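**Student:** Turn this into a model:
(one chain, ligands or ions: 2)
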Amino acid sequence: TGTTRPQRLLRAVQERATRGDSESVIAAIDHFCRHQEWAMNVGDEKGFILDSVVSEVSPQTALELGTYCGYSTVRIARLLPPGGHLITLEFNPNYAAVARQVIAWAGLEDMVQVVEGASGDWIPHLREHFGIESFDFVFLDHWKELYLPDIKLLEECGLLRKGTVLLADNVICPGTPDYLEYVRKSQSYESHYFGSHLEYTRAEDGLEKSVYLG
Ligand SMILES: O=C(NC/C=C/[C@H]1O[C@@H](n2ccc(=O)cc2)[C@H](O)[C@@H]1O)c1cc([N+](=O)[O-])cc(O)c1O
Ligand SMILES: [Mg+2]
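**Tutor:** Ligands and ions are numbered 1, 2, ... in the order given. You can find the predicted model right below:
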């Protein structure tokens, strides 16, 4: 029983990145994934698109589904406006433990809440637990078969408002066909595809941005 990949990723952050410097944390993870071990972070190329959407929305309230090691959590949190807050849902306690340390190394722990458990269990309780009225921004990057049921649940729970921006990773690879069909056909969403590549590879992938119209 040695270390896990998330633990080795965290060690690379602690050895290479400067405490409190979120850019160096992002760079350390990208370096680790390019030169040591591939990992399923959104990565630098799709991360640049994520950055531009987050900057455009400038969310006061943001939700991430699927924390993993906290790479996209750091990318989002470093761009939040004053008073902005990010809730990120993580099912695996070992991943959550690593993510909390990565987020703390970046100095962003005050803007982020890592919540452990299944998205389907937590979404109906976010309002009462965290005093959330609705989300300005949602990043989907967890199990691909949960994208569609979870946005339907967010709709039902009234956690989306006119103009809420959803951004979904991996709509090509591994792919989220049912989600993609839904947001592109539904009258309740205005969708746009940002073509890119699977993190750290030349394979095709992309992000789907969908604005909720209410
Ligand atoms: O499978 C992928 N992602 C699944 C991510 C799942 C993450 O979401 C959490 N979660 C949190 C809450 C839940 O309710 C359920 C799971 C899991 O504990 C895990 O941390 C994936 C795969 C590739 N790939 O190239 O193969 C590339 C990618 O960018 C990917 O995102
Ligand atoms: Mg992904």
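**Student:** interface residues of this protein facing ligand 1?
**Tutor:** Neighbours of ligand 1 within the chain, by Cβ under 6 Å from any ligand atom: 40, 66, 68, 89-92, 95, 118-119, 141-143, 146, 169-170, 173-174, 198-199. Where C-beta positions appear, they are placed from N, C-alpha and C, glycine not excepted.
**Student:** out of these, which are inside strands?
**Tutor:** Members of the residues of the chain next to ligand 1 lying in strands (criterion: DSSP state E): 89, 90.
**Student:** Go through the residues of the chain next to ligand 1 and flag which are in helices.
**Tutor:** Counted as lying in helices by DSSP state H, out of the residues of the chain next to ligand 1, are 95, 119.
**Student:** Of the residues of the chain next to ligand 1, which fall within the contact range of ligand 2?
**Tutor:** Residues of the residues of the chain next to ligand 1 in contact with ligand 2 (Cβ under 5 Å from the ion): 141, 169, 170.
**Student:** The second one against residue 42, yeah?
**Tutor:** In this case it means residue 169. Yes. With contacts counted by Cβ atoms under 8 Å, residue 169 reaches residue 42, the gap being 5.4 Å.
**Student:** what sits in contact with each of these two?
**Tutor:** 72, 141 (Cβ atoms under 8 Å, 6 or more residues apart in numbering).
**Student:** who has more neighbours, those two?
**Tutor:** Using other Cβ atoms under 10 Å, the more surrounded residue of residue 169 and residue 42 is residue 169, with 32 against 25.
**Student:** hey, where'd the strands end up in this structure?
**Tutor:** Counting by DSSP E, the strands of the chain are 61-65, 85-90, 112-116, 135-140, 160-168, 189-197, 204-212.
**Student:** looking at those, which is buried most?
**Tutor:** Across the strands of the chain, averaging neighbours per residue (mean count of other Cβ atoms under 10 Å) puts strand 61-65 on top, at a mean of 26.
**Student:** I'd like to check the angle between it and strand 85-90, please.
**Tutor:** 10 degrees (axes from the mean of the first three to the mean of the last three Cα atoms, to 10 degrees).
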